[in-house]
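**Q** dropping the sequence and predicted coords here.
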Amino acid sequence: MAKIPTTVVTGFLGSGKTTLVRSLLEKANGRRLAVIVNEFGDVGIDGDILKGCGIEGCAEDDIVELANGCICCTVADDFLPTMTKLIDRPDPPEHIIVETSGLALPKPLVKAFTWPDVRTRATVDGVVAMIDADAVARGRFAADEAAVAAARAEDPTLDHETPLEELFEEQIACADLVILNKMDLVPAAGRAAVEAAVREHLRPGAKVIHATQGDVPPAALLGLGVAAEDDLDSRPSHHDGMADGHDHDDFDSFVVAGPETGSPEALAAALLPLIEAHDILRLKGVVAVAGKPARLIVQAVGPRIQTYFDRPWREGEARESRLVVIGEKGLDQAALTPGLRASLG
């Protein structure tokens, strides 16, 4: 039997991975797709959004959530058993899409496809890295190594190599295709710099394409046929050779539940000062809006807040608002929680 192709979609928080996956499901044209979505923290907001998309032919059991931690840290316990269940189905999917958490390193996940239980039945069709081009244009996740080296020579206590920058490099270096998403938000004069920041870490043969709102033709993503698990040596990682792997102790996340909100506009206005004051990296959630039959999806990356309604609340489903907040270590949950609940109410 032919191996089931699997596309790994990686990328930093808020880069547009879930939007991309949803677009692929909408354009499946009868093709049997299954999605494994990994959520950072213990509440599966991204999986919930995908399950609620209402796309014809996409059953809820085709969306599998892994919410027990970062997928690259729980490969043996979570990912491999889930893959085995999917490929053991009487009518297995024709293609599997894995949406990693925003903090996952892609290489350990690709390496998992060399395990005997999976190797003969599934293959990594390609690794796709989603990049928030607008964030890169603002210099948030692009490190200038020469400037860091010069600064260190003058002051050995200065260190610009943050975990976010390292993660940025890791995801690009493992990718077969890099999607510069949100390029419509980048002024024309800044686009060459964004491309340069990405190409600095690009592996030979990898391609770069531009996108707006994660809209990429399926033919550009599916069917790459690279068998990435057989090409691990060309995908360098900062963690190669480390017996202990890596951890995510540099990040905190928590969930805030609350009542219905008055309006999307009022909610965004109340969230913005909290995001800016506490340097929240990512905020996302499902919100109940008074008088509205559908759920409001909230997505925020830095000061950029987006909202949209997806599906109606189901009969018997609690109209509860839930926000997932992600930031660097030291995020003040005690100070933030009252403000977030107040913004909902």
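**A** Arrived safely.

**Q** from Asp184, how far out is the residue positioned nearest the centre of the chain?
**A** By Cα atoms, centre = their mean, the chain has its centre lying nearest to Gly102, at 4.1 Å. Here Gly102 is placed at a distance of 21 Å from Asp184 (Cβ to Cβ, to the nearest Å). (Each C-beta comes from the backbone N, C-alpha and C, glycine too.)

**Q** quick one: buried residues of stretch 274-294?
**A** Buried residues in stretch 274-294, counting neighbours by 16 or more other Cβ atoms under 10 Å, are found at 274-275, 278, 280-289, 292.

**Q** of those residues, which belong to helices?
**A** Leu274, Ile275, His278 (DSSP state H).

**Q** buried residues, stretch 331-345. List them.
**A** Leu331, Leu336, Thr337, Gly339, Leu340, Ser343, Leu344.

**Q** before we move on, what SS does the closest residue to the third one other than its chain neighbours have?
**A** If you skip the residues right next to it in sequence, Thr337 has Val256 as its closest partner in space, 5.6 Å away by Cβ to Cβ, 6 or more residues apart in numbering. Per DSSP: H, G, I helix; E, B strand; the rest coil, the secondary structure class of Val256 is strand.

**Q** what's near enough to touch Val256?
**A** Arg322, Leu323, Val325, Leu336, Thr337, Leu340, Arg341, Leu344 (Cβ atoms under 8 Å, 6 or more residues apart in numbering).

**Q** so the fifth one is in which element?
**A** Using DSSP states H and E, Thr337 falls within helix 333-344.

**Q** in a strand, Ala34, correct?
**A** Yes: counting by three-state DSSP, one finds Ala34 located in a strand.

**Q** report the beta-bridge partner residues of it.
**A** Ile96 (DSSP bridges).

**Q** does it touch Pro93 like I think?
**A** Yes: counting by Cβ atoms under 8 Å, Ala34 touches Pro93, with 3.8 Å between them.

**Q** off-centre distance for stretch 308-317?
**A** For stretch 308-317, the separation from the chain centroid amounts to 23 Å (computed by Cα atoms, centre = their mean, to the nearest Å).

**Q** that one: end-to-end distance?
**A** The straight-line separation of the ends of stretch 308-317 (Cα to Cα, to the nearest Å) is 19 Å.

**Q** next, the buried residues of it.
**A** Applying 16+ other Cβ under 10 Å to stretch 308-317 flags Asp310, Trp313 as buried.

**Q** same question, stretch 178-198
**A** Val178, Ile179, Leu180, Asn181, Lys182, Met183, Val186, Gly190, Val194, Glu195, Ala197, Val198.

**Q** and Thr82, how far from His95?
**A** 16 Å.

**Q** verify the stated contact: Pro264 with Gly291.
**A** No: contact criterion Cβ under 8 Å: Pro264 and Gly291 do not qualify, at 12.0 Å.

**Q** for the stretch 1-150 of the chain, which spans come out with low pLDDT?
**A** The stretch 1-150 of the chain contains residues with pLDDT under 70 at 1, 39-78, 140-150.

**Q** which residues of it fall in helices?
**A** 17-26, 45-51, 80-87, 106-111, 116-119, 133-137, 145-154 (DSSP state H, counting those that start in this stretch).

**Q** packing partners of the fifth one?
**A** Packing contacts for helix 116-119, counted by 3 or more Cβ pairs under 8 Å, 6 or more residues apart in numbering; DSSP states H and E, involve helix 80-87.

**Q** once you drop chain neighbours, what's closest to His201?
**A** Ile172 (4.2 Å).

**Q** over to Glu94?
**A** Glu94 sits nearest to Arg32 (Cβ to Cβ, 6+ apart), 4.5 Å away.

**Q** what's the answer for Leu180, then?
**A** Nearest non-adjacent residue to Leu180, counting by Cβ to Cβ, 6+ apart: Ala133, 4.3 Å away.

**Q** list the residues that contact that neighbour.
**A** Taking Cβ under 8 Å, 6+ apart as the test, what Ala133 contacts is Leu180, Asn181, Lys182, Met183, Leu185, Val186, Arg191, Val194, His210.

**Q** now these in a markdown table, with pLDDT and secondary structure?
**A** Output for those, formatted as a markdown table (pLDDT from 0 to 100; DSSP: H, G, I helix; E, B strand; the rest coil):
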| residue | pLDDT | secondary structure |
| --- | --- | --- |
| Leu180 | 95 | strand |
| Asn181 | 93 | strand |
| Lys182 | 91 | coil |
| Met183 | 91 | helix |
| Leu185 | 91 | helix |
| Val186 | 92 | coil |
| Arg191 | 93 | helix |
| Val194 | 92 | helix |
| His210 | 93 | strand |
